[in-house]
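Asker: next come a sequence and a model predicted from it.
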Amino acid sequence: MPDLKTAQQIAQSQYVFSILFIFLFFSVIGACVWLFNNLRKENGEREKKIMEMHEKREKELLQTNLEYKLESKEREQKLMEHLERTTEAQKEMSQTMEKVQQGLSTLETNIKDVWMEIKHLKKVN
């Protein structure tokens, strides 16, 4: 029984509670430090992953932008070629219209000459 009384006295003493409190305090501090380090590690990994995703997306967007620029240049080149062909066709049509106009003018002059000749022949007869 003396052991039980001694154990009761030790349990009732303030020293035991202070040691238990200090142990509990350091345990809580250790758990908080571990949790803080773990969260910082997770945040670092998450940030690294987000940065990799961002860089990957940025490269994809740059590649897409480059493809659009190439397509745009190709489309512009095709439009310029079409415009040049159209301009050339219009020049040819303009030249043809000038020739037709000259032909009509010559024909009109010839018809006037023929009428004059016919009138002259009628007067002579």
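Answerer: Noted; the coordinates are in hand.
Asker: what about the strands in this protein?
Answerer: In the chain, no segments count as strands under DSSP state E.
Asker: which secondary structure elements does the helix or strand of it with the lowest mean pLDDT sit against?
Answerer: Ranked by mean pLDDT, DSSP states H and E, the weakest helix or strand in the chain is helix 2-12, scoring a mean of 74. If contacts are counted by 3 or more CB pairs under 8 Å, 6 or more residues apart in numbering; DSSP states H and E, helix 2-12 sits against no helix or strand. Heads up, the C-betas are built off the backbone N, CA and C, glycines and all.
Asker: export it to CSV, keeping only CA atoms.
Answerer: Extracted in CSV, the C-alpha atoms of helix 2-12 (Å, rounded to 0.1, in the frame of the first residue of the first chain):
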residue,chain,number,x,y,z
PRO,A,2,2.8,2.4,0.5
ASP,A,3,3.4,2.3,-3.2
LEU,A,4,-0.2,3.3,-3.9
LYS,A,5,0.0,6.2,-1.5
THR,A,6,3.3,7.3,-3.0
ALA,A,7,1.8,7.1,-6.4
GLN,A,8,-1.2,9.2,-5.3
GLN,A,9,1.1,11.8,-3.8
ILE,A,10,3.2,12.0,-6.9
ALA,A,11,0.0,12.3,-9.0
GLN,A,12,-1.3,15.1,-6.8
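Asker: any chance you could list what contacts that helix?
Answerer: The contact list for helix 2-12, computed with CB atoms under 8 Å, 6 or more residues apart in numbering, reads residue 16.
Asker: rerun at 10 Å
Answerer: Here helix 2-12 makes contact (CB atoms under 10 Å, 6 or more residues apart in numbering) with 16, 17.
Asker: in that helix, what's buried?
Answerer: Residues of helix 2-12 include none that count as buried (16 or more other CB atoms under 10 Å).
Asker: how far out from the middle of the chain is that helix?
Answerer: Distance, stretch centre to chain centre, for helix 2-12: 78 Å (CA atoms, centre = their mean, to the nearest Å).
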